[in-house]
Structure formats: structure tokens, C-alpha cells
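Participant: build me a model:
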Amino acid sequence: QVQLVDSGGGLVQTGGSLRLSCAASGRTFNSYTMGWFRQAPGKQRELVAAITRTYAEYYADSGKGRFTISRDNAKNTVYLQINSLKPEDTGFYYCAAPAPPVVSGPYDYWGQGAQVTVSS
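Facilitator: Have a look, this model is predicted:
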């Protein structure tokens, strides 16, 4: 099992940047695919980025060119850098890990979420 703790959310102006962090417990972090999900107000939670144990990256169309996912296995941490923030990026961001190490999941382990609000 793995426990996840999200941090780094906040209030940002349109066009700004922020970096979300997700600290994981457990000695097998480097074997997990890690994903970031976003749940916008009134919408379903969606996968916006993922990174495999071999550092392959996946991005939803909404984040291509603006989102960068990375991982530091020495620190058991995964990051999501978001640049050129838009109001539609507003929502709760959750890191998650699937028990089978594939981007498509299902995702079994979840962080508590970090609120991101982008002001126009």
C-alpha cells in the first residue's frame, strides 16, 4: 500500500504558475505509476497527467504544453507543474496511484486533494 499527501494549491492569477507536490509513503514508490486528477466544480474527476515507473509521461489534451509531471524517487514525491494557468484549471487536484502500474488504472490510492483557484 501507499499513502499520499498533496500540497501546493492556492489562489493564482490567470497566466501564473504553481507546482503541486505529492509525498508518498512506502518503500515501493518507484514501482508505482503516479497520476494527477482534477475535479472542477460541477464536473467529474479527470486524469490530467500521469508518469510511469519508467518515466513515460501522459497528458490530457487540456494540459498539453502547460502541465509537466515529474517524480523524484529519492524523495518519494511526484510533482505537477502548471504554467499559463487559466480559470478553467480551477478545481481540486488529487494525486493517485493505481495498484496495477498502468496509466489507465484503476486508481486505488488517493491523496486528500489540493485546491487550486485561478482568478481572471
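
Participant: grab the nearest non-local neighbour of residue 104.
Facilitator: residue 98 (7.8 Å; C-beta to C-beta, 6 or more residues apart in numbering). For the C-beta atoms, the positions are set from N, CA and C on the backbone; glycine is no exception.

Participant: now the residue nearest the centre of the chain: which helix or strand?
Facilitator: By C-alpha atoms, centre = their mean, the chain has its centre lying nearest to residue 36, at 2.4 Å. Element membership for residue 36, per DSSP states H and E: strand 34-39.

Participant: which other residues reach that strand?
Facilitator: Contact with strand 34-39 is made by 20, 22, 24, 45-51, 67, 69, 71, 78, 80, 89, 91-98, 103, 105, 107, 113, as judged by C-beta atoms under 8 Å, 6 or more residues apart in numbering.

Participant: narrow these to just the buried residues.
Facilitator: 20, 22, 24, 45, 47-51, 67, 69, 71, 78, 80, 89, 91-98, 103, 107, 113 (16 or more other C-beta atoms under 10 Å).

Participant: show me where this protein has its helices.
Facilitator: Using DSSP state H, the chain contains no helices.
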